[in-house]
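Undergrad: below are the sequence and a predicted model; questions follow.
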Amino acid sequence: MTETEQTQQQIERFLKKVAQKFTADDCDMPMTDIHLRVSQDSGDLMAFDDSDVEITRCVIDQWIDNKSDNFYQEIAIILRSSLNRIKDVVENMSIMKPYSFILEDDDKNNIAELYLVDDDIAIIGGDLMHDLDNDLDNFLKDLLGKEE
């Protein structure tokens, strides 16, 4: 799924609304995770705290009635990318560290850990070595092809 500019803007606005709820300078909130729930049918993107209290929600038009079998894997990539684009906001929330952004389906099943923030590190989830074999094979073919 290719992310449209409108989808990118909607997600970033949504994430900034989540961050605004946790920007108090005077204390750290004792919460460990932010749960992002996505509905494949309605396109709803919702954020919940550890107590399952809704923080905010929005509808991503591009995701409404998406029939892709890889929907959640594709959404995880898009959300990770968005979290990384606004990492300064995400990493400076007034939540007791470490905390994570976790992707869940409609039934509250954990799909993926998207982003982990700790005191000195931030870890973007996912397979960092995705397609490494293919990239190395292509590099080697290019290198050997130039020698001929």
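TA: Sure, I can see it. Numbering: from 1, shown residues only.

Undergrad: list the buried ones in the helix or strand Q8 falls within?
TA: Under the criterion of DSSP states H and E, Q8 resides in helix 5-20. Using 16 or more other C-beta atoms under 10 Å as the test for burial, helix 5-20 gives T7, Q10, I11, F14, L15, V18, A19. Quick note: C-beta positions are derived from backbone N, CA and C, even for glycine.

Undergrad: for that helix, give the mean pLDDT please.
TA: Mean pLDDT, computed over helix 5-20, is 93.

Undergrad: residues making contact with the helix or strand following that helix?
TA: Where DSSP H and E defines the elements, the next helix or strand beyond helix 5-20 is strand 33-38. With contacts defined as C-beta atoms under 8 Å, 6 or more residues apart in numbering, strand 33-38 is touched by 18, 44-50, 52, 55, 63, 72, 75, 79, 95, 99-106, 108, 114.

Undergrad: kindly give a single PyMOL line that selects the buried subset of those.
TA: To isolate the buried members of those in PyMOL, using 16+ other C-beta under 10 Å:
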select buried, resi 18+44+45+46+47+48+49+55+63+72+75+79+95+99+100+101+102+103+104+114
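
Undergrad: brilliant, that's me finished.
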